[in-house]
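Participant: one predicted model, sequence on top.
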Amino acid sequence: DGPAGIRVGKPATAMPAPVAMAATFNPDIARRFGATVGKEGRALGQDVLLSPMVNIVRQPGAGRNFETLGEDPLLAASLVAAQVKGVQQNGLIATVKHFAANNFEQGRMGVNVIIDERTLNEIYLPAFTAAVNAGAGSVMGAYNKINGTYCCENSALLETTLRQKMGFGGFVMSDWFATQSTNASIQAGLDMEMPGDGI
């Protein structure tokens with residue numbers, strides 16, 4: 001889907017796992033990683049990259065941990081900013097995902113994440129804020145609920161936090177099968193529904 005390289009049904013470079021890139025603690029490597037993916041994506045006719053993925057590793061058995069930038073919010077923020085700049089310097093739109101508090105596979109399409117403001121702001125949002133500040137053109141909404149409301153129809157998350165507090169000016173897409181409504185999602189700030197009929 002993008003975090004470890006281009007996937008468009010044509011031969012493309014298999015990039016190292018992003019969590020291995022995170023282990024370098026080196027923003028320049030993240031920028032070069034992003035630039036390589038961005039250049040290859042544009043060469044293959046891609047406009048939007050479904051990456052980088054900044055889910056914070058909190059559950060060690062999560063099936064997609066290898067696609068993340070690790071468990072440290074400060075490190076993830078530093079690396080994602082560089083990666084976004086690298087991707088977008090080549091004219092490919094970076095989509096930072098999965099917004100937000102999404103960090104395990106089992107039950108991810110319906111789990112209700114009960115979270116307080118401090119935890120959300122200190123653990124889960126720093127990498128998204130850094131990506132927005134770096135100019136990310138797109139954000140992908142997650143499957144899960146936050147405090148009882150699905151992420152793709154959560155106005156507190158999409159409008160208040162993302163657009164107003166972070167100043168995001170790009171477009172918000174759902175993950176595949178993540179849209180549970182039409183009206184509520186549009187009213188909450190979702191711009192683009194990706195395929196799938198929800199749960």
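Facilitator: Perfect, thanks for sending it.
Participant: my read: G110 touches K145, true?
Facilitator: Yes: using C-beta atoms under 8 Å, G110 is in contact with K145, at 7.4 Å. Just so you know, the C-beta spots here come from the backbone N, C-alpha and C atoms, and that holds for glycine as well.
Participant: ok, these two, which is more surrounded?
Facilitator: Remark: of G110 and K145, K145 carries more neighbours, 20 against 12, as counted by other C-beta atoms under 10 Å.
Participant: which strand residues bridge that one?
Facilitator: With DSSP bridges as the criterion, K145 is bridged to N112, Y150.
Participant: quick one: it and A156 touch, right?
Facilitator: No: if you go by C-beta under 8 Å, K145 and A156 don't touch, sitting 11.8 Å apart.
Participant: so which residues of this protein form helices?
Facilitator: Shown for the chain, the helices assigned by DSSP state H span residues 18-22, 27-43, 73-88, 117-119, 126-133, 155, 183-188.
Participant: how many other residues sit next to the spatially closest residue to A156 that is not a sequence neighbour?
Facilitator: Excluding its sequence neighbours, the residue lying closest to A156 (C-beta to C-beta, 6 or more residues apart in numbering) is T149, at 7.5 Å. Using other C-beta under 10 Å, the number of residues around T149 comes to 16.
Participant: and T149, what pLDDT?
Facilitator: The per-residue pLDDT reported for T149 equals 97.
Participant: any figure for the gap between it and E122?
Facilitator: 21 Å (C-beta to C-beta, to the nearest Å).
Participant: please apply the same query to I186.
Facilitator: 30 Å.
Participant: where in the protein is pLDDT low?
Facilitator: Applying pLDDT under 70 to the chain flags residues 197-199.
Participant: redo that, cut-off 50
Facilitator: In the predicted model of the chain, residues 198-199 satisfy pLDDT under 50.
Participant: max-length strand in it?
Facilitator: Using DSSP state E to define each element, the chain has its longest strand at strand 93-99.
Participant: check what contacts that one and list those residues.
Facilitator: For strand 93-99, the surrounding residues in contact (C-beta atoms under 8 Å, 6 or more residues apart in numbering) are 2, 34, 38, 47-55, 80, 83-84, 87-88, 127-128, 131-132, 136-143, 151, 157-158, 162, 170, 172-173, 175.
Participant: give me phi/psi at T182?
Facilitator: Backbone torsions of T182, given as degrees, to the nearest 10, read phi -100, psi -60.
Participant: pull up the gap between the residue nearest to it when sequence neighbours are not counted and G170, please.
Facilitator: Setting aside the residues directly before and after it, T182 is nearest to E193 in space (C-beta to C-beta, 6+ apart), at 7.8 Å. To G170, E193 is 16 Å away according to C-beta to C-beta.
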